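> please work out how this folds:
(one chain, ligands or ions: 2)
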Amino acid sequence: MANRLEDEAVEFLSLFYEERCLDGKEARVRDVCEAIRTGGTYEHTAEELAFGARLAWRNSNRCIGRLFWERLTVIDEREARTEEAVAQALFRHIEYATNGGKVIPTITVFKQGASIRIWNAQLVRYAGYRGDGRIIGDPASLELTDICKQLGWVGAGGDFDVLPLVISVGARPPQLFPIPEHLIKEVALVHPDNEAFARLNLKWYAVPFISNMRLEIGGISYYTAPFNGWYMGTEIGARNLADDFRYNRLPEVAAVLGISMEREASLWRDQALVELNRAVLYSYQEQGVSIVDHHTAAKQFQRFIGNETEAGRDVTGDWTWLIPPMSPAQTDIFHQSFDNRIVSPNYFHEKPPYC
Ligand code: HEM
Ligand SMILES: N/C(=N/c1cccc(CO[C@@H]2CCNC2)c1)c1cccs1
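Ligands and ions are numbered 1, 2, ... in the order given. Alright, predicted model coming up:
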């Protein structure tokens with residue numbers, strides 16, 4: 001009687017051997033089913049792991065950046081067993097993927113199962129502090145910042161303090177690992193036409209490293225598999241710095257650019273939003289850090305659809321996330337519909353270990 005893990009394993013291995021036109025599938029399937037029957041699980045080969053991580057990206061319905069799914073660098077850290085070893089591997093990932101600004105899409109995969117956990121949602125993220133009546137820094141980080149303070153971390157109390165890595169192994173309490181400053185690349189935000197913009201003293205970190213999603217391949221879950229790509233400008237300019245429950249900077253941008261906020265109908269918010277997003281794209285490009293604008297990203301996504309269709313594969317997608325948060329109807333994505341079926345391998349939201 002084949003169990004669920006066996007079914008998922010056989011399905012993935014079939015894809016692995018067929019899509020890459022390899023032979024030897026029968027023997028591998030037999031070995032894996034034997035391992036599951038005797039030990040309750042199985043181990044992926046390095047090639048299966050790399051292919052599975054790339055497939056998971058190709059199957060990520062909410063990702064507009066999937067054109068480059070085959071170009072993912074996969075680092076195998078399944079042997080790491082201590083908090084220190086995990087932290088060192090993460091420092092290596094940050095340095096390698098940042099690559100001086102020419103960002104390399106990369107994932108580091110730690111041992112299967114949930115014994116190793118990273119408590120950070122992103123490896124590099126700013127702290128959030130509740131001051132007297134107002135919030136300093138990133139409101140999205142309030143909970144993790146509190147945990148870091150309880151564990152002895154002392155933040156500078158500013159708007160852009162990078163949090164330490166918080167890593168736990170098994171039932172041990174989490175350990176803190178401040179990220180060496182030389183590994184963290186940031187971009188100071190300046191405007192292409194208006195030098196007054198710099199007076200806002202805004203900046204953002206160069207590379208997004210997502211560290212709170214579960215990678216599932218052939219029925220096996222890797223709870224710790226942090227991955228990065230490069231940013232799409234709107235993530236920073238239309239959400240992180242613009243949402244009123246995040247950095248909420250549109251009023252200051254309007255003020256410094258002399259845009260009157262008197263009437264909603266003046267569309268001052270939209271005008272300030274465009275200028276903030278132009279500043280983000282200009283600053284990253286000027287400082288040599290990879291970034292893509294939402295129009296180019298949407299065109300690349302159309303190429304992804306073409307490639308997949310040519311390969312005879314269905315494309316699945318989540319329209320509500322694929323459309324950019326700024327000028328969505330200016331992209332072809334807005335005028336299409338997508339099948340939001342969940343296909344495995346994939347990346348899944350996972351509740352934080354501190355819940
Ligand atoms: C290479 C450049 C990439 C760009 C420009 C890009 C862009 C994006 C954007 C804009 C989102 C929506 C994020 C949000 O609205 O908060 C997203 C979602 C996502 N991306 Fe990509 N991506 C890239 C690479 C990758 C890579 C390398 C992976 C994994 C290997 C990946 C996996 C995902 C996943 C799983 C989501 C959904 C996240 C969630 O449900 O919270 N992306 N991507
Ligand atoms: N550009 C990116 N953007 C994101 C991709 C996935 C997730 C996120 C952050 O999602 C949070 C949860 C909902 N919005 C913020 C951002 C990438 C990060 C890692 C690889 S590409």
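
> wait, what's in contact with the spatially most central residue of the chain?
Closest to where the C-alpha atoms of the chain average out (C-alpha atoms, centre = their mean) is Ile210, at 3.5 Å. Counting by C-beta atoms under 8 Å, 6 or more residues apart in numbering, Ile210 touches Ala121, Gln122, Pro226, Phe227, Asn228. Where you see a C-beta, it was placed from the backbone N, CA and C, and this is true even at glycine.

> restrict the residues you listed to those near ligand 2?
Contacts with ligand 2 within those, counted by C-beta under 6 Å from any ligand atom: Phe227, Asn228.

> just the contacts of Ile210: which are in strands?
Phe227, Asn228 (DSSP state E).

> include distance to Gln285 when you put the contacts of Ile210 into CSV, please.
What follows is these, written out as CSV (distance: C-beta to C-beta, whole Å):
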residue, distance to Gln285
Ala121, 27
Gln122, 22
Pro226, 26
Phe227, 23
Asn228, 19
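
> mind putting the contacts of Ile210 in JSON lines, neighbour count, distance to His191 and pLDDT included?
Written out in JSON lines, the entries for those read as follows (neighbours: other C-beta atoms under 10 Å; distance: C-beta to C-beta, whole Å; pLDDT from 0 to 100):
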{"residue": "Ala121", "neighbour count": "17", "distance to His191": "29", "pLDDT": "98"}
{"residue": "Gln122", "neighbour count": "19", "distance to His191": "26", "pLDDT": "98"}
{"residue": "Pro226", "neighbour count": "25", "distance to His191": "32", "pLDDT": "99"}
{"residue": "Phe227", "neighbour count": "25", "distance to His191": "31", "pLDDT": "99"}
{"residue": "Asn228", "neighbour count": "26", "distance to His191": "27", "pLDDT": "99"}
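
> for the contacts of Ile210, which one is nearest Gly100?
The shortest separation between Gly100 and any of the contacts of Ile210 is 14.4 Å, and it belongs to Asn228 (by C-beta to C-beta).

> correct me if wrong: that closest one contacts Thr108.
No. Asn228 lies out of contact with Thr108 (C-beta atoms under 8 Å); the separation is 9.5 Å.
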